[in-house]
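Trainee: Sharing a sequence plus its predicted fold:
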Amino acid sequence: MICCSRRVLLNLKNGRLFQLVGNIHLAHLKTRRSVFTEVINSSTDPHELYKHARETALYNSNVESVPLTGVFANNEISLREIQVWGFDYDYTIAKYTSQLNILIYRLIAEQLVHKKGYPKEVLQLSYQPNSVRTGLHYDTQNGLLLKIDAFHNIQPNTVYRGHRRLSNAEVAKYYEGFHVNFDYMSSFHGGSEGGQKMKQLTDLFAASQIALLVDVQQLFIDMGMEYAPEYLYDDVQAAVWIVHSSGQMHQLVAQSPDEYLDAELTRKHLPAMLLQLTQSGRKIFLMTNSEFYFVDAGMKYLIGNGWRDLFDVVICSARKPKFFSATEKSRPFRKLNLSDTNKSDWTKVTRLEKGSVYFQGNLSSFTKMTGWTGRNVLYFGDHVYGDLAEPSLRNGWRTGAIIGELKDEIAVYNSEAFRQKLALKSSLEHLIERLQMSKGHENIRNAREQWKVERNELKEQVKDLMHPKFGSIFRCHNNPSYFFRRLSRFADLYTWHLCNFVHYPPDRTFYPKRYSLPHERFFMRKPLFDSHHQSET
């Protein structure tokens, strides 16, 4: 209840906002949580305490749903200040169906059998959608797939060798506990080079690679074959490189875009979105690592033959992240001969013109030729390291991440079962924490141990609702995941589909939520004014 000495009146009429502001006196603000705290402080009856914990959980689970089309902010950003919008292609503009993962999986398996001499049974393996998740780590030395939080702690019950989940005792033997040493972790860009043994699955292209690696590992275990995990990883990596460098996968996708591209939302919204940006005076560029023929086939399917007219600059085969650190001398821009795309136009590139297509290049030349720099540039990509980290750190660009798994996670988060379990877990944690000093009441001590068991069961149930093996890609129980730590560092905004921006005006300001720190108290449970997309920021 909020008692005010004078009322604040907001009246929106004829486009004008009238606000009568008076002195607001908050005489009483009493939440369900404060009632629960009073019960904890006064009662020694475990049944009464547990009853209030469940009532509080039910109350707290009744919160506003997260909008499925939401755009979420890690940093405050005003679209009014953004004069240049840039986009990656794969998994940013182009969203793919699971058929692409199935194709990549099969092509890698064929390379292992025909080029590396792996047993023919590998060809009988099949890709299982959602078997792995973005942000996982693969330990190339021990042959383990696992999930790590922002503090390098391993999340219990998320460590697998092949298809078998390791017990906590087994995990502790490998890592002398549940913490991964810094020197053992993946490199800055998620790779396992330089002696570091962890490879992070940083985008959805890697899903097929890791899924096949795990499946082959399980096949070897079932067949009783001895293998070295690091050699297995190296062989799969080599096969992946052949599949990508040979162009086999790209050619098949370019020939059948209707089979591999998830085009519904993009076709419906993207042309109008880009046109609106252009009409408002914004500049637009495309920068992708993919070759032009592959991008051209996909963009013609998604937008139409005149897709290049919507972009001021088009750069293909950019070789990110090297693009952002290369020098002007080592990697100058080259111009594509559009009359014969197998040939280059050897004219020295001194400016980037609309209607032309460029490849390779470097950030320094890009900045000098366009004048686009700093915080008036917003660039979107799906790869936290390859697309977003370098331009954010080196040139101060604002960045947006497209995270495909977010769509399913929002749907789970909005479900009644998830919210009630999460709220009850939080209430039990609050109850257990506050009653740790109740040494004089044996009934409380006994009940507290039972509550701990229930709390641990709820932790696993909440995880399993997000994903039966690995849980949310953004969390390891209460802690942020290692993936989200990087995402929050290098992405100002994130959403699951680029076209979600059509739901926001071009002058929208996104505000990050103020999260309560451990030493702070949460004082506002719900927003003062409910509206569409209220919780997206």
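Mentor: All right, it came through fine.

Trainee: got the contact list for Arg375?
Mentor: Going by Cβ atoms under 8 Å, 6 or more residues apart in numbering, Arg375 touches Glu81, Gly396, Trp397, Arg398. (C-beta placed from N, C-alpha, C; glycine too.)

Trainee: mind checking pLDDT for it?
Mentor: Arg375 is assigned 92 on the pLDDT scale.

Trainee: Just say helix, strand or coil for it.
Mentor: With DSSP: H, G, I helix; E, B strand; the rest coil as the basis, Arg375 sits in helix.

Trainee: Ok, the one 3 residues further on next?
Mentor: Classification of Leu378 into helix, strand or coil gives strand, according to three-state DSSP.

Trainee: so it sits right up against Val84, yeah?
Mentor: Yes. In this structure Leu378 lies within contact range of Val84 using Cβ atoms under 8 Å: 7.1 Å.

Trainee: Tell me which helix or strand comes right after the longest helix anywhere in the chain.
Mentor: Assignment by DSSP state H gives helix 442-466 as the longest helix of the chain. Remark: after helix 442-466, the chain's next helix or strand is strand 475-476, criterion DSSP states H and E.

Trainee: For stretch 219-232, list every residue counted as buried.
Mentor: Of the residues in stretch 219-232, Leu219, Phe220, Pro229, Leu232 count as buried by neighbour count, 16 or more other Cβ atoms under 10 Å.

Trainee: Closest to Phe151 out of those residues?
Mentor: Distance to Phe151 across the buried residues of stretch 219-232 (Cβ to Cβ) is lowest for Pro229, with 25.3 Å.

Trainee: Pretty sure the closest one sits against Gln217.
Mentor: Yes. Using Cβ under 8 Å, Pro229 is in contact with Gln217, at 7.5 Å.

Trainee: which helices and strands does the helix or strand harbouring Arg394 pack with?
Mentor: Assigning secondary structure by DSSP H and E places Arg394 in helix 390-395. When contacts are defined as 3 or more Cβ pairs under 8 Å, 6 or more residues apart in numbering; DSSP states H and E, helix 390-395 packs onto helix 322-325, helix 363-370, strand 377-381, strand 398-402.

Trainee: quick one, what contacts Asp203?
Mentor: Neighbour list for Asp203: Tyr91, Thr134, Asp382, His383, Gly386 [criterion: Cβ under 8 Å, 6+ apart].

Trainee: Quick one: residues contacting Ile284.
Mentor: Counting by Cβ under 8 Å, 6+ apart, Ile284 touches Val84, Trp85, Gly86, Phe87, Leu274, Leu277, Thr278, Leu310, Phe311, Asp312.

Trainee: before we move on, the earlier item: sort out for me which of the buried residues of stretch 219-232 are in helices.
Mentor: The helices, defined by DSSP H, take in Leu219, Phe220, Pro229, Leu232 from the buried residues of stretch 219-232.

Trainee: tell me the centre residue of the protein?
Mentor: Nearest to the mean C-alpha position of the chain, by Cα atoms, centre = their mean, lies Ile403 at 4.1 Å.

Trainee: what's it sitting at in phi/psi?
Mentor: Backbone geometry at Ile403, expressed as degrees, to the nearest 10, gives phi -110, psi 100.

Trainee: Surely it and Leu493 touch.
Mentor: No. Ile403 is beyond contact range of Leu493, at 10.7 Å (criterion: Cβ under 8 Å).

Trainee: rewinding a little: between the helices and strands packed on helix 390-395, which one is nearest to Leu201?
Mentor: The closest of those to Leu201 is strand 398-402. By Cβ to Cβ, the value is 15.2 Å.

Trainee: Kindly reformat the ones in helices among the buried residues of stretch 219-232 as CSV containing pLDDT.
Mentor: Converted to CSV, these look like this (pLDDT from 0 to 100):
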residue, pLDDT
Leu219, 98
Phe220, 97
Pro229, 94
Leu232, 95
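
Trainee: Looking at these, which two lie furthest apart in space?
Mentor: By the measure Cβ to Cβ, Leu219 and Pro229 form the most distant pair in those, at 13.7 Å.

Trainee: so where's this structure uncertain?
Mentor: Scanning the chain for pLDDT under 70 picks out 1-44, 186-196, 204, 438-440, 521-537.

Trainee: again, 90 this time
Mentor: For the chain, the stretches with pLDDT under 90 are 1-64, 129-131, 181-206, 244-245, 327-330, 337-347, 394-395, 430-448, 506, 513-537.

Trainee: How about Ala172: what's its closest non-neighbour residue?
Mentor: With sequence-adjacent residues excluded and distances taken as Cβ to Cβ, 6 or more residues apart in numbering, Ala172 is closest to Phe178, at 6.6 Å.

Trainee: residue contacts, that neighbour?
Mentor: By Cβ under 8 Å, 6+ apart, the contact list for Phe178 reads Asn153, Ile154, Pro156, Asn168, Val171, Ala172.

Trainee: Can you tell me which of the residues you listed is nearest Ser344?
Mentor: Within those, the smallest distance to Ser344 is 48.3 Å, found for Ile154 (Cβ to Cβ).

Trainee: Isn't the closest one up against Leu146?
Mentor: Yes. Assessed by Cβ under 8 Å, Ile154 is found in contact with Leu146 at 5.7 Å.

Trainee: Give me the common contacts of those two.
Mentor: Any residue near both Ile154 and Leu146 by Cβ under 8 Å, 6+ apart counts here, and that gives Val171.

Trainee: And the strands in the stretch 101-250 of the chain, which stretches?
Mentor: Secondary structure of the stretch 101-250 of the chain (DSSP state E, counting those that start in this stretch): strands at 137-139, 144-146, 160-161, 164-165, 198-200.

Trainee: which secondary structure elements does the third one contact?
Mentor: Just to be clear, that refers to strand 160-161. When contacts are defined as 3+ Cβ pairs under 8 Å, 6+ apart, strand 160-161 packs onto strand 144-146, helix 205-223.

Trainee: and if we set it to 7 Å?
Mentor: Counting contacts by 3 or more Cβ pairs under 7 Å, 6 or more residues apart in numbering; DSSP states H and E, strand 160-161 is packed against strand 144-146.

Trainee: ok, and what's touching the strand it packs on?
Mentor: With contact meaning Cβ atoms under 7 Å, 6 or more residues apart in numbering, strand 144-146 is reached by Leu136, His137, Tyr138, Asp139, Ile154, Thr158, Val159, Tyr160, Arg161, Tyr174, Ile210, Val214.

Trainee: among these, which two are most distant?
Mentor: Taking Cβ to Cβ as the measure, the contacts of strand 144-146 reach their widest spread between Tyr174 and Ile210, a distance of 18.6 Å.

Trainee: And those two? Which one has more around it.
Mentor: Between Tyr174 and Ile210, Ile210 has the larger neighbour count (other Cβ atoms under 10 Å), namely 21 against 17.
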